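Asker: quick one, structure for this:
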Amino acid sequence: MVSVATLPPSPPSLPPLRRDALLIGLVGLAHGVSHFSQLLLAPLFPWLKAEFGVSYAELGFLLTVFFATSCAVQAGSGFLVDRYGPRPILFIGLALLGLAALGYAASTSYAMLAGFSVLAGAGNGVFHPVDYTLLNRKVSPQRLGHAYSTHGITGTLGWALAPALLVPLTLATSWRTALVCAAGLAFAVMAVLWWRRAELDLPAAASPVPAAGAPAAPAAAAEPALAFLALPAVWMCFAFFFFYAGALSVVQSFAPQAAGYLHAVPAHLVAMCLTVYMVCAATGMLLGGFLVADESRCERIVALAFALAAAIALTLGFAPLSALSVPVLFGLMGLATGISGPSRDLLVKRSTPAQASGRVYGVVYGGLDTGQALVPLLIGALMDRGAYTSVWVALALLQGTLVISAFRVRRVRRVPHPVAASAPAS
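Answerer: Numbering: from 1, shown residues only. Prediction:
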């Protein structure tokens, strides 16, 4: 008879699905508001142009102000998340987005719009450090792929909701009323999260307390707060997200119009292209959550997805196409890009030292804001010159760079580094 003492320990049980699903849903709800707020102004440009007598270039600069502010805040907010925990930082971000929407609605000058773009960018800058710290530290590892998938889907749906809500409200009432309703949405989500705030509780990471009688660790052994910046993988991930955001900004702002000019696409089909892209991207993210069950293949998934997206971009730029085929190709490109989403997020997690999650995500996802702030300036110049094929070539180059970057992240992650070597595995 085998002694009970000799039996192997039972494997740890998987945390309840309900607990993980609730947290994923709450984080996804907040993430959707973040993406919704990124497109508060763009759908209203025709009305704002008439109201304030400004050019489209000046209106576009408001987006540059938004994303430049978001980038700066995102890098700093990661440190606050690691020190104070993600929950208070999340509520501050949501409150700032709601106040900024109210400020937009009350604006009587272009300068006021620019000022509230700074406030909105500050609110937007907290979400990625908050979201990924909560997901990585509270969701069971077996469900992380689905958590990343849901996170990406809710962000995409937030983008899709903004024009679908704001434009009809503006047509029915006014752009100011539409923005007040947008503020109401942000505050409503904040109320829901406050109601379930216990699910978002995550104490700030603390240094381990030595056992009784054990000597305290020397102060010199503590890892400096900025030590993670010496990791090559952090900066490779930053570069990856810069190019990713650049490609996304091309699709969101210029690609449908460029395709319309090249292939004589009617206006109603041009308007459909971005919606089709986003819906298919959300579907792709759902599929991508299943593909990352094997973490070892995330680089290959990202590379193959963006290689396919680049091939589609070149097809749209050079092949003779019918008008009806253009939205279909946008959908296929969105599907490929969406499939890469969960694997993309896993690339960052595998490059993150323990106890530095907020800081790393703050810096790495700053690449998103930087790309969205800078790349549209270049692509807008191409559009002004009528170089529509060049727009698609630029998009394909950005997507092709992502293929190389995915494998570069894996390579630099394998390079030993004192900080990484001293940190426990995440």
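Asker: every contact and neighbour count from this point should use C-alpha atoms.
Answerer: Fine.
Asker: where in the stretch 101-250 of the chain is pLDDT low?
Answerer: 203-233 (pLDDT under 70).
Asker: and P266, what does it touch?
Answerer: By C-alpha atoms under 8 Å, 6 or more residues apart in numbering, P266 lies in contact with G260, A323.
Asker: recalculate using a threshold of 10 Å.
Answerer: By C-alpha atoms under 10 Å, 6 or more residues apart in numbering, the residues touching P266 are G260, A323, L324.
Asker: what pLDDT is listed against it?
Answerer: If you check P266, the pLDDT there is 87.
Asker: could you do S325 as well?
Answerer: Reported pLDDT for S325: 94.
Asker: mind listing what's buried along the helix or strand harbouring R300?
Answerer: Assessed by DSSP states H and E, R300 sits inside helix 298-318. By neighbour count on 16 or more other C-alpha atoms under 10 Å, the buried set for helix 298-318 is 298-299, 301-310, 312-317.
Asker: with stretch 123-140 instead?
Answerer: Using 16+ other C-alpha under 10 Å as the test for burial, stretch 123-140 gives 123-136, 138-140.
Asker: let me know the pLDDT of E295.
Answerer: With respect to pLDDT, E295 has a value of 66.
Asker: hang on, the earlier thing: out of the buried residues of stretch 123-140, which sit inside strands?
Answerer: Among the buried residues of stretch 123-140, none falls in strands (DSSP state E).
Asker: which of those fall within helices?
Answerer: Secondary structure from DSSP state H places 123-124, 127-136, 138 of the buried residues of stretch 123-140 in helices.
Asker: can I get those residues in JSON lines with distance to T173?
Answerer: JSON lines is the format used below for those (distance: C-alpha to C-alpha, whole Å):
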{"residue": "G123", "distance to T173": "27"}
{"residue": "N124", "distance to T173": "27"}
{"residue": "F127", "distance to T173": "31"}
{"residue": "H128", "distance to T173": "34"}
{"residue": "P129", "distance to T173": "37"}
{"residue": "V130", "distance to T173": "35"}
{"residue": "D131", "distance to T173": "35"}
{"residue": "Y132", "distance to T173": "38"}
{"residue": "T133", "distance to T173": "40"}
{"residue": "L134", "distance to T173": "39"}
{"residue": "L135", "distance to T173": "39"}
{"residue": "N136", "distance to T173": "43"}
{"residue": "K138", "distance to T173": "43"}
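Asker: I'd like to know which of those is nearest to L39.
Answerer: N124 (11.4 Å; C-alpha to C-alpha).
Asker: what sits against that closest one?
Answerer: Counted by C-alpha under 10 Å, 6+ apart, N124 has contacts 31, 33-35, 37-38, 66-67, 69-71, 73-74, 90, 93-94, 96-97, 118, 369.
Asker: Y261 now?
Answerer: V270, G386, Y388, T389.
Asker: how much space between the nearest residue to the last one once chain neighbours are set aside and L346?
Answerer: Spelled out, it's T389. Spatially, and ignoring its direct neighbours in sequence, T389 is nearest to G317 (5.0 Å; C-alpha to C-alpha, 6 or more residues apart in numbering). Note on G317: its distance to L346, by C-alpha to C-alpha, to the nearest Å, is 32 Å.
Asker: also M285?
Answerer: With the distance defined as C-alpha to C-alpha, M285 ends up 13 Å from L346.
Asker: same question for L80.
Answerer: L80 sits 23 Å away from L346, going by C-alpha to C-alpha.
Asker: ok, now V391?
Answerer: To L346, V391 is 30 Å away according to C-alpha to C-alpha.
Asker: which of the two has more residues huddled nearby?
Answerer: Taking other C-alpha atoms under 10 Å, V391 and L346 do not tie; V391 has more neighbours (26 against 19).
Asker: distance from the helix or strand containing the more buried one to the middle of the chain?
Answerer: Using DSSP H and E, V391 sits within helix 388-413. Distance of helix 388-413 from its chain centroid, counting by C-alpha atoms, centre = their mean, to the nearest Å, is 17 Å.
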